[in-house]
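Chemist: Using only what follows, build the 3D model:
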Amino acid sequence: MGTRNLTIVLKNNTHRIAQYCQWDGYPEGQGLTAYNLLKGDLAVIEQSLDKCKWITEEERKDVMRQAHEEVDEDWDGETEIISFNVSKAIQSLYPHLQRDHGALILDTIINATDSISLEDGILFAANDLFCEYVWIVDFDKRVFQGLVPTKYLGYQALENQESYLDTLDLDIKMTKVFESSLDDLPATEQQFIESFVRLE
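Modeler: Numbers count the residues shown, from 1 in each chain. Below is the predicted model of the structure:
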């Protein structure tokens, strides 16, 4: 389902990952994907953040060039409109740069053998028309949080609303509906899902 969302990972008071995703932003989707990865490889994910950097314009052009070459299509070095085949090539070569990847970015950085260039999607957190969920993995405060746009609030809000989003110079209208210690996450998937209390 097209439920747009953002997966943010923090360390040393800054976001090292802000991964936009087009699909399945709800708890049973990207939330559950993040939960399962955090349950399995928490320490490795934290260590792997040192591999992350923001993609440069030159790197972005290299991605486009490689993808066009992969499917034997010409590229003028500027045009951003791409064919279906080029899109599939990017997905194969650089899955983390596609809109489908979402919380799987946590697994991607674990398995990266070198530095990995990421898109910084943090501005999407302020888009309360289209951003339907924000998932935050905060290694400074050691918490995992879930937030939804206040105007679409469908879950019971938490009393403590503090999050990394408060530190950004953006007009963000999000309500926190989930928070758990990274060191004491819900024991099962069912318990994780049941942490979200739907409003009547």
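
Chemist: then the helix or strand harbouring Phe144 to PDB, C-alphas only?
Modeler: Using DSSP states H and E, Phe144 sits in strand 143-149. Output of strand 143-149 as PDB, limited to C-alpha atoms (Å, rounded to 0.1, in the frame of the first residue of the first chain):
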ATOM      1  CA  VAL A 143      14.900   4.400  22.000                       C
ATOM      2  CA  PHE A 144      12.800   3.300  19.000                       C
ATOM      3  CA  GLN A 145       9.900   5.600  18.300                       C
ATOM      4  CA  GLY A 146       6.900   5.800  15.900                       C
ATOM      5  CA  LEU A 147       5.200   9.000  15.000                       C
ATOM      6  CA  VAL A 148       2.200   9.900  12.800                       C
ATOM      7  CA  PRO A 149       0.800  13.200  11.500                       C
END
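
Chemist: Let's test this: name the helix or strand in the protein with the lowest mean pLDDT.
Modeler: Ranking every helix and strand in the chain by mean pLDDT, DSSP states H and E puts helix 84-93 at the bottom, with a mean of 92.

Chemist: what's the helix or strand just after it in contact with?
Modeler: Sequence-wise, the next helix or strand downstream of helix 84-93 (DSSP H and E) is helix 105-111. Defining contact as Cβ atoms under 8 Å, 6 or more residues apart in numbering, one finds that helix 105-111 is touched by 7, 9, 17, 19, 34, 37-38, 41, 44-45, 48-49, 51-52, 95-96, 101, 116, 118, 137. Any C-beta I mention is one placed from the backbone N, CA and C, and that applies to glycine too.

Chemist: Now do the strands in the protein.
Modeler: For the chain, the strands defined by DSSP state E cover 5-11, 14-21, 52-54, 116-118, 133-138, 143-149, 174-181.

Chemist: Leu170 contacts Phe124, doesn't it?
Modeler: No - under the criterion of Cβ atoms under 8 Å, Leu170 is not in contact with Phe124, lying 10.0 Å apart.

Chemist: Quick check: Asp169 vs Arg99, distance?
Modeler: According to Cβ to Cβ, to the nearest Å, Asp169 and Arg99 sit 26 Å apart.

Chemist: So these two - more neighbours on which side?
Modeler: Neighbours per residue, other Cβ atoms under 10 Å: of Asp169 and Arg99, the larger number sits with Arg99, 16 against 6.

Chemist: wait, isn't that one in contact with Gly25?
Modeler: No - under the criterion of Cβ under 8 Å, Arg99 makes no contact with Gly25, lying 11.7 Å away.

Chemist: Alpha carbons of the least confident helix or strand of the chain, as PDB, please.
Modeler: Backbone C-alpha positions of helix 84-93 (Å, rounded to 0.1, in the frame of the first residue of the first chain) are rendered in PDB as follows:
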ATOM      1  CA  PHE A  84      11.200   1.400 -16.500                       C
ATOM      2  CA  ASN A  85      14.300  -0.600 -17.400                       C
ATOM      3  CA  VAL A  86      16.600   2.000 -16.000                       C
ATOM      4  CA  SER A  87      14.600   2.200 -12.800                       C
ATOM      5  CA  LYS A  88      14.900  -1.600 -12.500                       C
ATOM      6  CA  ALA A  89      18.600  -1.400 -13.100                       C
ATOM      7  CA  ILE A  90      19.000   1.200 -10.300                       C
ATOM      8  CA  GLN A  91      16.900  -1.100  -8.000                       C
ATOM      9  CA  SER A  92      19.300  -3.900  -8.800                       C
ATOM     10  CA  LEU A  93      22.500  -2.000  -8.500                       C
END
